[in-house]
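S.K.: Fold the stuff below for me.
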Amino acid sequence: MKTAKIIGFFILSTLFYFSCESEKLKEIEEPDVPTQDIVNIKWVVKSIVENGVANIPEEGFETSYWIVFNSDTTFTGRTRTNDWMGKYEKIDSLATIHITQLVSTQVIEFPYGFSYYNSFKNINSFSCQKDTLKLYCNETDYLLFNAYDHEKE
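M.R.: Prediction:
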């Protein structure tokens, strides 16, 4: 009888544990549901997050690093010393986005150019809430953008 109670307790505690872990994974894997379209908006970089650590650029960075996703599935962008263009695929219902073609000038740029380029070419999902766009590479690496405010000029 004691053995049956122990086995029963073990089964219940195991089921409880896995149901809790399942909820945690769901929170990690499911980005925010996009509430606004990201197309035809100039997005300026707010920070580059690598391994969970935000690299917040110096003053003036936000007008130097930007991207626009055009409605024809092309994009254009700029860093301090490089121009970008290419093509992307986006599925809103899954909040996925992939860069399918990326062309850039090849000027070496420090300190953020390489990180920005590598993160951008590896994005696979996005979330967009209240003029804030996150382009995710994985759970700990993403690019954080704000919609460009023309009135700040």
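S.K.: all contacts plus neighbour counts: C-alpha atoms, from now on.
M.R.: Will do.
S.K.: helices and strands of the protein: which one has the lowest mean pLDDT?
M.R.: Among the helices and strands of the chain, helix 2-29 carries the lowest confidence by mean pLDDT, DSSP states H and E, at a mean of 50.
S.K.: Partner strands of the next helix or strand after that one and their direction?
M.R.: Once helix 2-29 ends, the next helix or strand along the chain (criterion: DSSP states H and E) is strand 42-50. Strands flanking strand 42-50 in the sheet, each with its direction: strand 53-55 (antiparallel), strand 66-69 (antiparallel), strand 142-147 (antiparallel) (DSSP bridges).
S.K.: These into CSV, with extra columns for mean neighbour count?
M.R.: Putting the strands paired with strand 42-50 into CSV (neighbours: other CA atoms under 10 Å) gives the following:
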stretch, mean neighbour count
strand 53-55, 14
strand 66-69, 22
strand 142-147, 23
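S.K.: Tabulate the ones you listed (CSV), appending mean pLDDT and distance to T100.
M.R.: As requested, these are exported to CSV (pLDDT from 0 to 100; distance: least, CA to CA, whole Å):
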stretch, mean pLDDT, distance to T100
strand 53-55, 89, 26
strand 66-69, 94, 13
strand 142-147, 94, 18
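S.K.: Can I get those strands in CSV including distance to M85?
M.R.: What follows is the strands paired with strand 42-50, written out as CSV (distance: least, CA to CA, whole Å):
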stretch, distance to M85
strand 53-55, 24
strand 66-69, 9
strand 142-147, 17
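S.K.: Between those, which one is closest to I123.
M.R.: Of all the strands paired with strand 42-50, strand 142-147 sits nearest to I123, with 7.7 Å by CA to CA.
S.K.: Contacts for that closest one next, please.
M.R.: Identification of contacts with strand 142-147 by CA atoms under 8 Å, 6 or more residues apart in numbering yields 41-50, 116, 119-120, 123, 131-136.
S.K.: part of a helix, is Y116?
M.R.: Yes - for Y116, which was evaluated using DSSP: H, G, I helix; E, B strand; the rest coil, the result is membership in a helix.
S.K.: Without its sequence neighbours, what residue ends up closest to it?
M.R.: The shortest distance from Y116 to any non-neighbouring residue, by CA to CA, 6 or more residues apart in numbering, is to I48 (6.7 Å).
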